[in-house]
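Participant: need a structure here:
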Amino acid sequence: MNRPVAFVLALLAAGCSSPAPEAPKGLSPVEGVVYRPAEGAVIDLYRPGADLRGPPLTQLGPLGPTGAFAIELPPGEYLAVARQRLSGDETGPVREGDLKTDPVPFRVEAGKPLRLDLKTFVKEGNPKAPLGEEPAWKTGITGRLLDPEGQPVAGLRLHVYDHVQMSERPKFVSAKTGPDGRYSLQLPQGGTYYLCARDKYGGPPKVGDLYGRYDQGTVEPSALVVPEGTTVDGVDITVHTVW
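Facilitator: Sure thing, here's the model as predicted:
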């Protein structure tokens, strides 16, 4: 994820009680605690008006057992959202049983330290599992997610985009594959889509992740045309470990 050069992170180690270091000129220290405490939580910082489901301005964490954090920020308006996913993922949708906070707005003023404590609550219900799927939709894609030897891979999701760059958050995401590697994803309408399969949600693939694109031997991802009211079957994707 891109971070402005001005950001200097200073995460507190677990159980550390030392004060935040003195901020360089133009930056102000912000420190606090995510309550339960939320060990393993991450804090995403956004600008007001940003899509809170998209990439944050910067991310802190995972936090230690105390839930304490510290960061130095330039003056301005921000929103903080803390999330602790039972899956251990640092990105992706918040599901039933996960901890999260409401978006907390705060203002950083030059040279003024700020205390920011965040209180989490447990998400109840999971109406968007899998994301974007509606039983009434009559258009869809099905297939298998395979390893390089052609064997099915469990625990992967199909990600569907409407642009070839596949740089924003996906429009639709399937449920995780089972042992047979099969997925089935319903869509609200037909169209031209670009597909990838991966074991993580959100952000670019990292070393060790499983990732694969739908392509027909092209440099760019291949477009898949899905006619309205039709389920396109046999759309298989091979995934590789990212190195």
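
Participant: tell me which helix or strand comes right after the lowest-mean-pLDDT helix or strand in the chain.
Facilitator: The weakest-scoring helix or strand in the chain, judged by mean pLDDT, DSSP states H and E, is strand 8-9 (a mean of 34). Per DSSP states H and E, the first helix or strand lying C-terminal to strand 8-9 is strand 28-35.

Participant: which parts of the chain are helices?
Facilitator: Assigned by DSSP state H, the chain shows no helices.

Participant: tell me which residues form a beta bridge with the closest residue to residue 198 other than its chain neighbours?
Facilitator: Nearest residue to residue 198, sequence neighbours excluded (C-beta to C-beta, 6 or more residues apart in numbering): residue 211, at 4.7 Å. (Each C-beta comes from the backbone N, C-alpha and C, glycine too.) Note on residue 211: beta-bridge partners by DSSP bridges are residue 198, residue 240.

Participant: any idea how far residue 159 is from residue 211?
Facilitator: 10 Å (C-beta to C-beta, to the nearest Å).

Participant: repeat that for residue 198.
Facilitator: As for residue 198, its distance to residue 159 is 6 Å (criterion: C-beta to C-beta).

Participant: just residue 87 next, same as before
Facilitator: Taking C-beta to C-beta, one finds residue 87 at 16 Å from residue 159.

Participant: settle it for me: which of these two has more neighbours?
Facilitator: Of the pair residue 87 and residue 159, residue 159 is the one with more neighbours under other C-beta atoms under 10 Å, namely 23 against 12.

Participant: what is the neighbour count of the closest residue in space to that one that isn't next to it in sequence?
Facilitator: Nearest residue to residue 159 in three dimensions, chain neighbours excluded: residue 170, at 4.0 Å (C-beta to C-beta, 6+ apart). For residue 170, the tally of surrounding residues (other C-beta under 10 Å) stands at 22.

Participant: still on that earlier bit, shared neighbours, residue 211 and residue 159?
Facilitator: 196, 197, 198 (C-beta atoms under 8 Å, 6 or more residues apart in numbering).

Participant: tell me the one of the residues you listed nearest residue 101?
Facilitator: residue 198 (26.8 Å; C-beta to C-beta).

Participant: wait, residue 67 sits on residue 42?
Facilitator: No. Residue 67 is beyond contact range of residue 42, at 11.3 Å (criterion: C-beta atoms under 8 Å).

Participant: so which of those two has more stuff around it?
Facilitator: Set residue 67 next to residue 42 and count neighbours by other C-beta under 10 Å: residue 67 wins out with 25 against 21.

Participant: gap between that one and residue 84?
Facilitator: Where residue 84 is concerned, residue 67 sits at a distance of 9 Å (C-beta to C-beta).

Participant: common neighbours of those two, please.
Facilitator: Joint contacts of residue 67 and residue 84 (C-beta under 8 Å, 6+ apart) are 34, 36, 38, 39, 41.

Participant: put the buried members of those residues into a ChimeraX selection.
Facilitator: Selection of the buried residues among the shared contacts of residue 67 and residue 84 in ChimeraX, burial being defined by 16 or more other C-beta atoms under 10 Å:
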select :34,38,41
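
Participant: thank you, goodbye.
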